[in-house]
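Model the following, please.
(chains A and B)
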Amino acid sequence: MIPRSFEYSAPGTLNEAISLLQKLGPDAKILSGGQSLIPMMKLRLASPPHIIDINRIPDLDYVTEDGGVLRIGALVRESDLEHSDTVRSRFPILVDTTAVIADPLVRNQATVCGNLAHGDPANDHPATMLALGASVLAVGPAGDREIPVESFFPGLFTTALEPDEILKEIRIPIPPPGSGGAYLKLERKVGDYATAGVAVQITLDGVGACSRAGIGLTNVGFTPLKARKAEAFMIGKALDESTIRQASELAAGESQPTDDVRGSADYKRDLVRVLTARALNLALARAKGGA
Amino acid sequence: MTTINVKVNGAVHTADVEPRLLLVHFIREVLRLTGTHIGCDTSHCGACTVVVDGRAVKSCTVFAVQADGREVLTVEGLEQDGKLHPLQEGFFQEHGLQCGYCTPGMLMTGCAFLKSNPNPTEDEIRHAISGNLCRCTGYVNIVKAYQYASQKMREGGA
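Got it, this is the predicted structure:
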């Protein structure tokens, strides 16, 4: 399978890339890891007349902690995240997530920021970033702006990025002590999109009650979903069996799956319930310092 | 057309290519190195795996222009001075193939993997090859071939 012809630019700086976007408008598409874009171009589901390859731009492959925030640069590959010491010790939820994306070879090339910028509700990082309360830094001709991930996905395959903006980094607030998170996904085989996936991030206060809760859902709606009712329900409560059961039922009710080859809507809704309960139990164990 | 310089198995190649040319087609049709196979052509099977700057990637899902200035290793580059790479020897000794179609990809994944993890567990090997499909279901012997190579490389310091 051969993509349609396109013009190719490989700018050496972000400013050059943004100038090209300004000039070319919607005719241009940014190439980072290319693990979603290139298959779509080969299948001719996408035929951008111009590709702007940002892989030659230096210093975009950072994973750093600074000012209480974890920053993930635009060219950080999934496998970099998976093997980052900072991520492994502080963010097991990110390791859970990256480890179930595609396969190790795709993860060597695919970028974490691209997983968000693609706007696909079947991608895994959006749910995790929703749970973590992350934001993205968009850079464009007018300067930088920070966009919360919860308002980054207005519709199917659509993001809040303007045509002349580039997603430069993901910003994740470092969770306070007593926090834990987990991402669980059911897939039919390695490399498949989620039948359903659930990301959970919680913080416990001094007496063991839940003081913050984030729940993100993968591939059970036209956009990545934030299970707000389930989150609100848990605040101030001890996460005992009954609370977890009720929260997971609320999350299932907030999912909006449709029937497809991966299962019926009813099956997926129930899967959200089961995965939410399991993810909450794992996140709880991690928050208490186990697992 | 775009001019690219790519070091493949130690030798620099210069070529004018269309930006849409995939790396696998550059390797097979421009350089005539047909050891790298095309399987599914949809980034699932891993038959086209090559090592670019030390990382194993699926060459059906990378443009040749992206390899400009990079170093590519293909299955043809594994043998050195008439001596098989320990992984090639492992596949031979442990009967790590039946039809052989997935083998170049399995070898290239293993080549990068054993550099970063010289003494893997069976579980780690199975995860490492989860992006390479073998339709002869020869995974048991492929895992053994990896283990053979891992031991040989640790003993021989290769």
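
Going by C-alpha atoms from here, please, whenever you check contacts or count neighbours.
Fine.

Which residue ranges make up the domains of the chain?
You didn't pick a chain, so chain A it is. A:7-56, A:63-173, A:179-285 (automatic domain parsing).

my bad, the chain I had in mind was chain B
If you go by automatic domain parsing, chain B breaks into B:2-76, B:86-153.

Mean neighbour count, distance to chain A and mean pLDDT for those - can I get that in TSV?
Below are the domains of chain B laid out as TSV (neighbours: other C-alpha atoms under 10 Å in any protein chain shown; distance: least, C-alpha to the nearest C-alpha, whole Å; pLDDT from 0 to 100):
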stretch	mean neighbour count	distance to chain A	mean pLDDT
domain B:2-76	20	5	98
domain B:86-153	20	5	97
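
how about JSON lines for those, with distance to A:Ala99 added?
Formatted as JSON lines, the domains of chain B follow (distance: least, C-alpha to C-alpha, whole Å):
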{"stretch": "domain B:2-76", "distance to A:Ala99": "16"}
{"stretch": "domain B:86-153", "distance to A:Ala99": "10"}
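
which stretch among these comes nearest A:Lys185?
Closest to A:Lys185 of those, according to C-alpha to C-alpha: domain B:86-153, at 16.5 Å.

ends of the closest one, how far apart?
7 Å (C-alpha to C-alpha, to the nearest Å).

what's the closest non-adjacent residue to the residue nearest to the spatial centre of chain B?
By C-alpha atoms, centre = their mean, chain B has its centre lying nearest to B:Met108, at 2.2 Å. Among residues not flanking B:Met108 along the chain, B:Val50 sits closest, at 5.7 Å (C-alpha to C-alpha, 6 or more residues apart in numbering or on different chains).

and the one you found, that one's in a strand?
Yes - under DSSP: H, G, I helix; E, B strand; the rest coil, B:Val50 falls within a strand.

For chain B, which segments are assigned as strands?
For chain B, the strands defined by DSSP state E cover B:2-8, B:11-17, B:49-52, B:55-58, B:71-73.

picking up where we left off before, wait, which of the domains of chain A is closest to chain B?
domain A:63-173 (4.9 Å; C-alpha to the nearest C-alpha).

Now A:Ile38: which helix or strand?
helix A:37-42 (DSSP states H and E).

Check which element follows that helix along the chain.
That would be, after helix A:37-42 and using DSSP H and E, strand A:50-53.

Return the list of strands paired to that following strand, each annotated with direction.
strand A:7-9 (parallel), strand A:28-31 (parallel) (DSSP bridges).

Need those strands in CSV (columns: mean neighbour count).
What follows is the strands paired with strand A:50-53, written out as CSV (neighbours: other C-alpha atoms under 10 Å in any protein chain shown):
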stretch, mean neighbour count
strand A:7-9, 18
strand A:28-31, 21
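
Mean pLDDT for those strands - can I get that in JSON lines?
Output for these, formatted as JSON lines (pLDDT from 0 to 100):
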{"stretch": "strand A:7-9", "mean pLDDT": "98"}
{"stretch": "strand A:28-31", "mean pLDDT": "98"}
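
what's near enough to touch A:Gln37?
Check again: residue A:37 is Leu, not Gln. The neighbours of A:Leu37, taking C-alpha atoms under 8 Å, 6 or more residues apart in numbering or on different chains as the test, are A:Leu31, A:Ala46.

Show the pLDDT at it.
According to the prediction, A:Leu37 has pLDDT 97.

biggest helix in chain B by residues?
helix B:139-156 (DSSP state H).

and it, what other elements does it pack with?
When contacts are defined as 3 or more C-alpha pairs under 8 Å, 6 or more residues apart in numbering or on different chains; DSSP states H and E, helix B:139-156 packs onto helix B:86-93, helix B:122-128.

That one versus helix B:86-93: what angle between them?
Angle between the axes of helix B:139-156 and helix B:86-93 is 130 degrees (criterion: axes from the mean of the first three to the mean of the last three C-alpha atoms, to 10 degrees).

rewinding a little: with distance to A:Gly181 added, can I get the helices and strands packed on helix B:139-156 in a markdown table?
Formatted as a markdown table, the helices and strands packed on helix B:139-156 follow (distance: least, C-alpha to C-alpha, whole Å):
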| stretch | distance to A:Gly181 |
| --- | --- |
| helix B:86-93 | 39 |
| helix B:122-128 | 23 |
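
near chain B, which residues of chain A show up?
By C-alpha under 8 Å from any C-alpha of the partner chain, the residues of chain A that approach chain B are A:1-8, A:34-35, A:38-39, A:55, A:102-106, A:108-109, A:190-191.

Tell me the bridge partners for A:Tyr8.
Applying DSSP bridges, one finds that A:Tyr8 bridges with A:Ile51.

In this structure it contacts B:Leu21, no?
No - the pair A:Tyr8 / B:Leu21 is not scored as a contact, 11.5 Å apart, by C-alpha atoms under 8 Å.

Skipping adjacent residues, who's closest to B:Val143 in space?
Nearest one to B:Val143, counting by C-alpha to C-alpha, 6+ apart, is B:Ile125 at 6.5 Å.

The helix or strand that contains A:Asn115 packs against which elements?
Using DSSP H and E, A:Asn115 sits within helix A:112-117. Judged by 3+ C-alpha pairs under 8 Å, 6+ apart, helix A:112-117 is in contact with strand A:69-73, helix A:125-132, strand A:166-173.

tell me the most buried of these?
helix A:125-132 (a mean of 29; mean count of other C-alpha atoms under 10 Å in any protein chain shown).

Can you show me the CA trace of it as PDB?
C-alpha atoms of helix A:125-132 as PDB (Å, rounded to 0.1, in the frame of the first residue of the first chain):
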ATOM      1  CA  HIS A 125      -3.200   8.000  27.000                       C
ATOM      2  CA  PRO A 126      -6.200  10.400  26.800                       C
ATOM      3  CA  ALA A 127      -8.000   8.500  29.500                       C
ATOM      4  CA  THR A 128      -4.900   8.300  31.700                       C
ATOM      5  CA  MET A 129      -4.300  12.100  31.200                       C
ATOM      6  CA  LEU A 130      -7.900  12.800  32.100                       C
ATOM      7  CA  ALA A 131      -7.500  10.800  35.300                       C
ATOM      8  CA  LEU A 132      -4.300  12.600  36.200                       C
END
